[in-house]
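Trainee: build me a model:
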Amino acid sequence: MRTYVLSPDLVDSDSPSTADPLHTISTSKDATTSAQYIKQTSVPTTAFPLNSGGAGTVADSTVQSAIDTVDDEGSGQDYNFEKLKTDDVNSLGEPYDYASIMHYARDTFARAMYMDTILPKSRKENRPEIGQRIRLSEGDVRQAKKLYQCPVCGKTLMNPSGALSIDQGDRPDDHTAVYHCVWRIIATRGERIQLNITDLNLPPPDQGQCASETDNFVIIRDGHFSGSSIIAKLCGTFGRQRVFTATGNRLFIELRSSARRIETTANGADLTEPLKRGLARPPISLFASYMAICGGELTADSGIIESPHYPENYPPDGRCTWLITVEEGFQVAIKFDLFSLEPHKDCIYDRLEVYEVHPSGDSNRLGKLCGQNTPENVKTLTSNQMRLEFYSDNSVQKSGFSLQFIQ
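Mentor: From the prediction side, this is the model:
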């Protein structure tokens, strides 16, 4: 057991034990592993108030440690309460963050729960809580964005439907800034994303060539990152509706522009905010909505189809239709990797129906599938098109299916 002497100018504590002249602290050798890692990898944070890679000398005005002098005998973690100099800390311009998920709790390294080792320097009735471990704070998120140079606008969208918008709080005031906005849309497995752009207004591309435009464009990618395959690249102006559909459950949308103003609307609300120094070019605008859909038309030589929410249970009262088209002169075949639907001898409840579609538009059913036994492979006889129809009722839900199609 190691004994620490309380500082004579210790801030008032809510703990009755601070009246004692001695404060005994138990320590843990592994307590600061994450803090050391953060410091070594140069991840800045205002969360750690003392030597743990955080606010440095800012701690003098924000928090007060209960330790003033330390009995240095034995092995302990007293170095966790040493104050860093300003040069040792880079908080990327962010203020001290009491709410950070990495902030020490008031009783960190304490011998007992009722003893305080660190407290915010503020009046007792207004003292902020510290040491929460529930979620990243707003300050944590801002610092991470700055550290990894994330786009200044855009966001990740995970609702079944919504609209694209620009975060006004992250918009730079510098009229020379190049706007870089990224939206990532994520649906559940077994669903696809349909993007509906109804308005786009960008400066015209150089020499009229959108493909080579590097300054003002919107690019839509079929996946989750900037290396995913391109669905479309858009430039200039149009006011008609254009619809783009992903082959899977993720979509990546990127906007770049050096124009001085962005006009955006979302769900009918005007989010326009001119920059302070006026306009060097006509304003740009973008309006787009999206929705997660089940089914769709797939034109490819191979791919994967999954029931909604797979591998979780599919939702009730669902109906999905997929039309698969491969190259002419080939047939379509499907192979099941997993299959689990509500069983019935006649498959009148949840079911997957497989049809061969002929050039005339007529179709004949190749199978009506349900239950939990994996079906045999199914293929068209002559046609290069196959239609899959999935139905679920409102009673029993299972994990659904995952299948591969090939030509």
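
Trainee: need the three-state assignment for residue 79.
Mentor: helix (DSSP: H, G, I helix; E, B strand; the rest coil).

Trainee: around it, how many other residues sit close by?
Mentor: Neighbourhood size, residue 79 [other C-beta atoms under 10 Å]: 12. Bear in mind the C-beta positions are built from the backbone N, C-alpha and C, glycine included.

Trainee: now swap in residue 201 and tell me
Mentor: 16.

Trainee: against residue 87, how distant is it?
Mentor: Remark: distance between residue 201 and residue 87 (C-beta to C-beta, to the nearest Å) = 47 Å.

Trainee: these two touch, right, residue 113 and residue 105?
Mentor: No - the pair residue 113 and residue 105 does not pass the contact test of C-beta atoms under 8 Å, sitting 10.0 Å apart.

Trainee: between the two, which one's more packed in?
Mentor: A direct count of neighbours by other C-beta under 10 Å for residue 113 and residue 105 places residue 105 higher, at 16 against 10.

Trainee: list the contacts of the residue lying closest to the more buried one once chain neighbours are set aside.
Mentor: Counting by C-beta to C-beta, 6 or more residues apart in numbering, residue 131 is the residue found nearest to residue 105 once chain neighbours are left out, at 2.6 Å. For residue 131, the contact set (C-beta atoms under 8 Å, 6 or more residues apart in numbering) comprises 103-106, 108.

Trainee: what about residue 131, helix or strand, and which?
Mentor: Residue 131 is part of no helix or strand, with elements assigned from DSSP states H and E.

Trainee: pretty sure residue 310 sits against residue 401.
Mentor: Yes - between residue 310 and residue 401 there is a contact at 7.2 Å, judged by C-beta under 8 Å.

Trainee: in terms of neighbours, single out the busier of those two.
Mentor: residue 401 (25 against 19).

Trainee: secondary structure element holding that one?
Mentor: Going by DSSP H and E, residue 401 is in strand 400-406.

Trainee: for that strand, which strands pair with it and how are they oriented?
Mentor: Applying DSSP bridges to the sheet, strand 400-406 is found paired with strand 302-306 (antiparallel), strand 333-340 (antiparallel).

Trainee: so what secondary structure elements neighbour the helix or strand that the last one is followed by?
Mentor: Tracing the chain past strand 333-340, the next element assigned as helix or strand by DSSP H and E is strand 351-357. With contacts defined as 3 or more C-beta pairs under 8 Å, 6 or more residues apart in numbering; DSSP states H and E, the packing partners of strand 351-357 are strand 363-369, strand 385-391.

Trainee: what's strand 351-357 in contact with?
Mentor: Against strand 351-357 from outside (C-beta under 8 Å, 6+ apart): 323, 334, 341, 363-370, 378, 380-383, 385-391, 401.

Trainee: would you mind writing the CA trace of it as PDB?
Mentor: Output of strand 351-357 as PDB, limited to C-alpha atoms (Å, rounded to 0.1, in the frame of the first residue of the first chain):
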ATOM      1  CA  ARG A 351     -41.800 -19.000 -50.000                       C
ATOM      2  CA  LEU A 352     -39.300 -18.400 -52.900                       C
ATOM      3  CA  GLU A 353     -40.700 -18.900 -56.400                       C
ATOM      4  CA  VAL A 354     -38.300 -19.300 -59.300                       C
ATOM      5  CA  TYR A 355     -39.400 -18.500 -62.900                       C
ATOM      6  CA  GLU A 356     -37.700 -18.800 -66.300                       C
ATOM      7  CA  VAL A 357     -38.500 -15.600 -68.300                       C
END
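
Trainee: residue ranges with poor pLDDT in the stretch 151-300 of the chain?
Mentor: Across the stretch 151-300 of the chain, the ranges flagged by pLDDT under 70 are 152, 165-178, 259-283.

Trainee: format the strands paired with strand 400-406 as TSV; extra columns: distance to residue 207.
Mentor: Output for the strands paired with strand 400-406, formatted as TSV (distance: least, C-beta to C-beta, whole Å):
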stretch	distance to residue 207
strand 302-306	37
strand 333-340	46
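
Trainee: got these as a markdown table, with mean pLDDT columns?
Mentor: As requested, these are exported to a markdown table (pLDDT from 0 to 100):
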| stretch | mean pLDDT |
| --- | --- |
| strand 302-306 | 91 |
| strand 333-340 | 97 |
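
Trainee: tell me the centre residue of this protein?
Mentor: Taking C-alpha atoms, centre = their mean as the criterion, residue 156 is the residue nearest the geometric centre of the chain, at 4.7 Å.

Trainee: and it, what does it touch?
Mentor: So residue 156 contacts 183-186 (C-beta under 8 Å, 6+ apart).

Trainee: now it, which residues is it bridged with?
Mentor: Beta-bridge partners, per DSSP bridges, of residue 156: residue 184.

Trainee: including mean neighbour count and distance to residue 224, could the strands paired with strand 400-406 go into a markdown table?
Mentor: Conversion of the strands paired with strand 400-406 to a markdown table gives the following (neighbours: other C-beta atoms under 10 Å; distance: least, C-beta to C-beta, whole Å):
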| stretch | mean neighbour count | distance to residue 224 |
| --- | --- | --- |
| strand 302-306 | 17 | 15 |
| strand 333-340 | 17 | 22 |
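
Trainee: beta partners of residue 233?
Mentor: With DSSP bridges as the rule, residue 233 is bridged to residue 219.

Trainee: residues in contact with residue 341?
Mentor: Here residue 341 is in contact with 350-352, 369-372, 398, 400-401 (C-beta under 8 Å, 6+ apart).

Trainee: next, it: phi, psi?
Mentor: phi -120, psi 160 (degrees, to the nearest 10).

Trainee: and the gap between it and residue 95?
Mentor: 55 Å.

Trainee: regarding the chain, what is its longest helix?
Mentor: Assignment by DSSP state H gives helix 138-147 as the longest helix of the chain.
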